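*Asks:* I would like the atomic coordinates for the input below:
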Amino acid sequence: MPLFEAQTRQALGPGAWLLHGFALADAVALLDGVDVVIAGAPLRNMLTPGGRAMSVAMTNCGALGWTSDRSGYRYVPQDPQRGLPWPAMPAAFSKLAGRAAQAAGFADFLPDACLINRYSAGHKLSLHQDKDEHDFGQPIVSVSLGIAAVFLFGGLARQDRALRLTVVHGDVLVWGGASRMNYHGVAALSADRHALTQDYRFNLTFRKAG
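*Replies:* Residues are numbered from 1 along each chain as shown. Predicted structure coming up:
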């Protein structure tokens, strides 16, 4: 049984939930963890395989990190920029991800990768599928911190109509099962300010990649 109260969960599809405010109590600890990770592996604007710089700044923590360059999209155990392992995943990260997955009906989720994205006004993320992982039986857990955004949650085909979901500081999205390969993205952010993150939105995306 999910541990999160039903009235704070919004069903998006089979195995997909928006958990309103689930990470609020942990937000300061999560942002402290973000600072630690960035100190070890600075944010960077990765290149697409086509050679275009992504607008959203990214870094990773955990045993594996997602990266993109002219060679393609993949997970690697070392930060290509530093030639060192990615920073360890902070305990607050893995605990929150496991609790959120449990609340959405996915027990024993142990992420080995966390992608940290930093957005500011005008930044967006095009509709895409998470398909670089080895085990699609594990869910995706996505945590929003800072200024609000509109999350786009589509279907199994790119042309399927996408839900437009306003996600605010402390909201958590979880999708797996029949919805694991749904397209998703982020609409261009509006200018805003948050007391803890200034002009930015941070998104933590937890996956079992290996």
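*Asks:* hey, let's count contacts and neighbours off CA atoms from now on
*Replies:* Fine.
*Asks:* now the chain, which segments are flagged as low pLDDT?
*Replies:* 1-7 (pLDDT under 70).
*Asks:* do a quick rundown of the helices in it.
*Replies:* For the chain, the helices defined by DSSP state H occupy 27-40, 91-103.
*Asks:* what's the longest one packed up against?
*Replies:* Secondary structure elements in contact with helix 27-40, counted by 3 or more C-alpha pairs under 8 Å, 6 or more residues apart in numbering; DSSP states H and E, are strand 57-62, helix 91-103.
*Asks:* quick revisit: among the helices of the chain, which is the most enclosed?
*Replies:* helix 91-103 (a mean of 20; mean count of other C-alpha atoms under 10 Å).
*Asks:* dump the helices of the chain to a markdown table, plus distance to residue 165.
*Replies:* What follows is the helices of the chain, written out as a markdown table (distance: least, C-alpha to C-alpha, whole Å):
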| stretch | distance to residue 165 |
| --- | --- |
| helix 27-40 | 20 |
| helix 91-103 | 18 |
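*Asks:* so which of these gets nearest residue 82?
*Replies:* Nearest to residue 82 among the helices of the chain is helix 27-40; the distance by C-alpha to C-alpha comes to 9.4 Å.
*Asks:* now the nearest residue to residue 199 once chain neighbours are set aside: how far from residue 118?
*Replies:* Among residues not flanking residue 199 along the chain, residue 193 sits closest, at 4.7 Å (C-alpha to C-alpha, 6 or more residues apart in numbering). Distance of residue 193 to residue 118, given as C-alpha to C-alpha, to the nearest Å: 14 Å.
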